[in-house]
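**Q** quick one, fold the following:
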Amino acid sequence: MLKKKAQTRSSFLDIYRGIPKEVWILSIVSLINRIGAMVIPFLSIYLSDGKGFSLNEIGWIMTAFGVGSVVGTWLGGKLTDRIGFYPVIVFSLLSSGIGLIVLKELDTFVQMALGFFFVILLADLLRPPLFVAVNNYCTEENRTKSITLVRLAINLGFAFGPATGGMLIASFGYASLFWVDGLSCILAMLFFVLTLKKTAVKVAKEETAEEKSPALKSPYKDKSYLLFVLSLTLFGLVFIQYFSTVPLFYKEVHELSEATIGLIISSNGFVIFILEMPLMHWIEKQKKVSKMNVMMIAVVCVIVSYILLIFSMNVTFLIIGMMILTIGEMLLFPLSNTEAMQRSIGKNQGDYIALYSISFSIAHLVGHNLGMQSVDFVGFDMTWVGMSIGLIVTLLLLQVYKKSVKKEKQLSVD
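**A** Numbers count the residues shown, from 1 in each chain. This is a model prediction of the structure:
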């Protein structure tokens, strides 16, 4: 019995073994930052109930949010390649923290649109440097593990964020969300500066400088990669509905409270925290399993989750739908992120990872408004049907990308 327990403990520790100390620090930074991420899951409800905006106006504020995300992610990649990831991470966390606290003072439609544009721009400067930093410290052998650990931290924080946010709204009102979100960004910045010194970054850069390829290649000229990014953009457009139009569906159609909505959304993060790392560890050991096939299975899971929304009769359907969506998320995001990192070359890795992140920023730009306008014009059920069709197109694009990569490998061998 004791021997079995020791073996179980050993196999559990094996999942986390080999991940560099710096990646653990970056994961804790992400955890602190995301624990306070309470504004976004309740944004559509806040704008509707708290500020009285129409669905059409909410859609355009979400579009401003999306434009800020695209610009911020692109700029984050450019700045990372120019000045390094360290100062970009510090500036992003500090400035977005202050910006979130200021946001609670805004009232008019124009103020909200501009406010969310600039705050999300500053916040999404963080995306490229964070994963460039991970790529800088990890090796090919532990890359997927390292990415998954950072995602695990993000999702653990996200699990606490909406659940706590729902309770804060009930107790102190919406303004408390902006305070907690802003202060968590500033706290994450302080932890990063105090635990990961700038001198450590210089050493890591010197070690990787020799590995840089002299033949630098832009991601914007990598046709296969662009196809991959397009498929992820379409997937992201559908996926983000679970954090904008779906919460409205929970509230308006199923008449759930903010606290209950927060718990359902938080279950996504808790399941990812518990299962994603073991799941990725198991997939990594399956040498015969095609990672592209796993990503396509992930897309099918999300299709099933939308079908459940269409036929949902009670909250049980909503919970099962969220769980199936979560399985799809666990299968797709770590593997797609690894794919992006593996295709990044030398000092252009900031551009590659930025373009990967931009795919989801574009999804924010188009998806939130598209979802709101669709619900306004054709209702929730037809919107979910449209999203399912979009995911079927995503499957076809991933299949084309898979064949394109296979062709590239054959040409390189020849």
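
**Q** what segments of this structure are strands?
**A** For the chain, no strands are identified by DSSP state E.

**Q** shaky segments in it?
**A** 1-14, 36-38, 41, 158-159, 198-217, 345-348, 412-414 (pLDDT under 70).

**Q** longest helix in it, please.
**A** helix 349-413 (DSSP state H).

**Q** buried set for stretch 287-294?
**A** 291-292, 294 (16 or more other C-beta atoms under 10 Å). (Glycine included, C-beta is placed from N, CA and C.)

**Q** between the two ends of that stretch, what distance do you get?
**A** 13 Å (C-alpha to C-alpha, to the nearest Å).

**Q** which residues does that stretch contact?
**A** Stretch 287-294 is touched from outside by 283, 331-332, 335, 338-339, 398, 401-402, 405, with contacts defined as C-beta atoms under 8 Å, 6 or more residues apart in numbering.

**Q** also stretch 106-122?
**A** In contact with stretch 106-122 (C-beta under 8 Å, 6+ apart) are residues 47, 51, 53, 57, 60-61, 64-65, 67-69, 71-72, 75, 91-92, 95-96, 99-100, 102-103, 364.

**Q** hmm, back to that, between the contacts of stretch 287-294, which is nearest T245?
**A** Distances from T245 to the contacts of stretch 287-294, taken as C-beta to C-beta, are shortest for L332 (20.2 Å).

**Q** phi, psi of E255?
**A** Here is the backbone geometry of E255 (degrees, to the nearest 10): phi 60, psi 40.

**Q** skip the chain neighbours and tell me the closest residue to N337.
**A** Closest residue in space to N337, ignoring its immediate chain neighbours: I147 at 4.9 Å, by C-beta to C-beta, 6 or more residues apart in numbering.

**Q** the one you found contacts V132, doesn't it?
**A** No - with contact defined as C-beta atoms under 8 Å, I147 does not reach V132; the gap is 12.0 Å.

**Q** mind listing what's buried in stretch 109-124?
**A** 109, 112-113, 115-124.

**Q** ugh, wrong one, I meant stretch 178-189
**A** So for stretch 178-189, counting by 16+ other C-beta under 10 Å, buried means 178-182, 184-189.

**Q** next: stretch 24-39.
**A** Quick answer for stretch 24-39 (16+ other C-beta under 10 Å): 24-39.

**Q** and for stretch 372-382?
**A** So for stretch 372-382, counting by 16+ other C-beta under 10 Å, buried means 372-375, 380.

**Q** now do stretch 90-105
**A** Quick answer for stretch 90-105 (16+ other C-beta under 10 Å): 90-97, 99-101, 103-104.

**Q** what about A64, neighbour count?
**A** Counted with other C-beta atoms under 10 Å, the neighbours of A64 add up to 22.

**Q** how much space between it and L114?
**A** 7 Å (C-beta to C-beta, to the nearest Å).

**Q** give me the contacts around stretch 70-83.
**A** 88, 92, 120-129, 132, 347-351, 353-355, 357-358, 361-362, 364-365.

**Q** stretch 147-163 now?
**A** For stretch 147-163, using C-beta under 8 Å, 6+ apart, the contacting residues are 16, 19, 23-24, 26-28, 30-38, 41-42, 130-131, 134, 261-263, 265-270, 272-273, 276-277, 280, 333-334, 337-338, 341.

**Q** in the stretch 1-150 of the chain, which spans are helices?
**A** 2-16, 21-35, 43-45, 55-83, 85-103, 109-124, 127-137, 143-172 (DSSP state H, counting those that start in this stretch).

**Q** the third one - contacts with which helices or strands?
**A** The one in question is helix 43-45. helix 55-83, helix 245-252 (3 or more C-beta pairs under 8 Å, 6 or more residues apart in numbering; DSSP states H and E).

**Q** tabulate those (a markdown table), appending distance to A153.
**A** Below are these laid out as a markdown table (distance: least, C-beta to C-beta, whole Å):
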| stretch | distance to A153 |
| --- | --- |
| helix 55-83 | 19 |
| helix 245-252 | 23 |
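
**Q** can you tell me which of these is nearest to T164?
**A** helix 245-252 (15.7 Å).

**Q** off-centre distance for stretch 249-261?
**A** Offset of stretch 249-261 from its chain centre (C-alpha atoms, centre = their mean, to the nearest Å): 23 Å.

**Q** ditto for stretch 391-403
**A** That offset, for stretch 391-403, works out to 21 Å (C-alpha atoms, centre = their mean).

**Q** do stretch 342-355 as well
**A** For stretch 342-355, the distance to the chain centre is 18 Å (C-alpha atoms, centre = their mean).
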